[in-house]
Structure formats: C-alpha cells, structure tokens
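K.L.:
what follows is a protein structure lacking sequence information:
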C-alpha cells in the first residue's frame, strides 16, 4: 500500500511537468486557474508523502488513528433515526397487544403507553449526535402558543435535560425501549 502511495505521488508530479499552456493563455485567468490546480496537486502529493513517512515512522499511532476513524464511520453509519424509533415502538405495541392481560409485564406496557401518549401530544423530539441519537421530551408542543412556551424564564434549564431523555440510540438500536420491553410477556 505504501508503494502505491509513493507511485501515485510521483505520477501526479509527472502530470504537472508534462502540461504546458500555449502562449496566448499566458497572463490570463486560464493560466491562474491552471496554476491553482497544479499547486493543489503538488500539495496533495506532499501530503501523501508525509502520510507515508508518518505511517512508517509510527505504525502504532497510524493503527490507532485508522481504527478510530473506521469505528466512528461505522457508528455514524449505524446511527438509528427517529423513523427507526417509531417503527420499533409500533412493532412492540402490536406485539404487546397480542399478549393477554394476565401475561403482560406492567412496566413494559406502561412505558409503551407513555411513549404513545407523548407522540400524540407532540412533545417527543429527536436529536442526532452523529454517532448516537437521543429521544427527549419537552413540556409543551412546539405549536402551542401559551405564555409558558414563550417566556424565557419559564423554559426548562439545560441542567434538566438528562431527566427528559426518553431513549438513547446507539449501534443501530434504541436501548431504553429494548431494555424495558425485553420481557413484555412475563408478568411479575
């Protein structure tokens, strides 16, 4: 792989020396544009060479950085969305409805009822943090036009945000709803 980086950088350098502009384009915007791209290629060639030497000098550091970047990309790619939460909620609500009242777990049923009620009131919101997602509630619906929603002194503080979090999505799963409804068909 390192040989490929070196050959790619030398190929880019050869392209810059082979391209010549005709005399009629000297001093025009086309020459400036060509010089810009030539300098850009030179910068990228130098960056590839620096990357190659850094990888050779410190392979452990390069391994840690590449592993971190790949992990962050995988987490961001598998970050659940609000639609995933809604689908999961509807699926679980339908599955719980098929279980008789005698067998239902009361805590799971109550949690699903609170989530459905929050969606009906429009107080549940979605926040994307890149590698994780958060579902949280607010006190009132955003379309509400009461004084309480407009007054900055009555709005909840930022310190109360952790208590308003309903669920955290990470690695393709909404974890709170998963934990609370795992045994929805087992009554205490």
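P.N.:
Here it is on my side, so go on. Just so you know, these numbers come straight off a predicted model, no measurement behind them. Residues are numbered from 1 along each chain as shown.
K.L.:
tell me the centre residue of the chain?
P.N.:
Within the chain, the residue whose C-alpha comes closest to the C-alpha centroid is residue 130; the distance, by CA atoms, centre = their mean, is 2.4 Å.
K.L.:
in what helix or strand does the spatially closest residue to that one that is not a sequence neighbour lie?
P.N.:
For residue 130, ignoring the flanking residues on the chain, the nearest one in space by CB to CB, 6 or more residues apart in numbering is residue 76 at 5.7 Å. All C-beta atoms are positioned from the backbone trio N, CA, C, and that covers glycine. For residue 76, the host element (DSSP states H and E) is helix 59-77.
K.L.:
next: residue 84.
P.N.:
Taking DSSP H and E as the criterion, residue 84 maps to helix 82-97.
K.L.:
average pLDDT across that helix?
P.N.:
Across helix 82-97, the average pLDDT comes to 93.
K.L.:
mind listing what's buried in that helix?
P.N.:
Across helix 82-97, burial judged by 16 or more other CB atoms under 10 Å covers 85, 88, 89, 92, 93, 96.
K.L.:
as CSV, those with distance to residue 44 would be great.
P.N.:
Rendered in CSV, the data for those read as follows (distance: CB to CB, whole Å):
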residue, distance to residue 44
85, 42
88, 44
89, 48
92, 50
93, 53
96, 56
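K.L.:
where do the strands sit along the protein?
P.N.:
Using DSSP state E, the strands of the chain run over residues 124-128, 132-137, 165-170, 173-174.
K.L.:
in its sheet, what does the last one sit against?
P.N.:
Each strand that pairs with strand 173-174, with its direction, by DSSP bridges: strand 165-170 (antiparallel).
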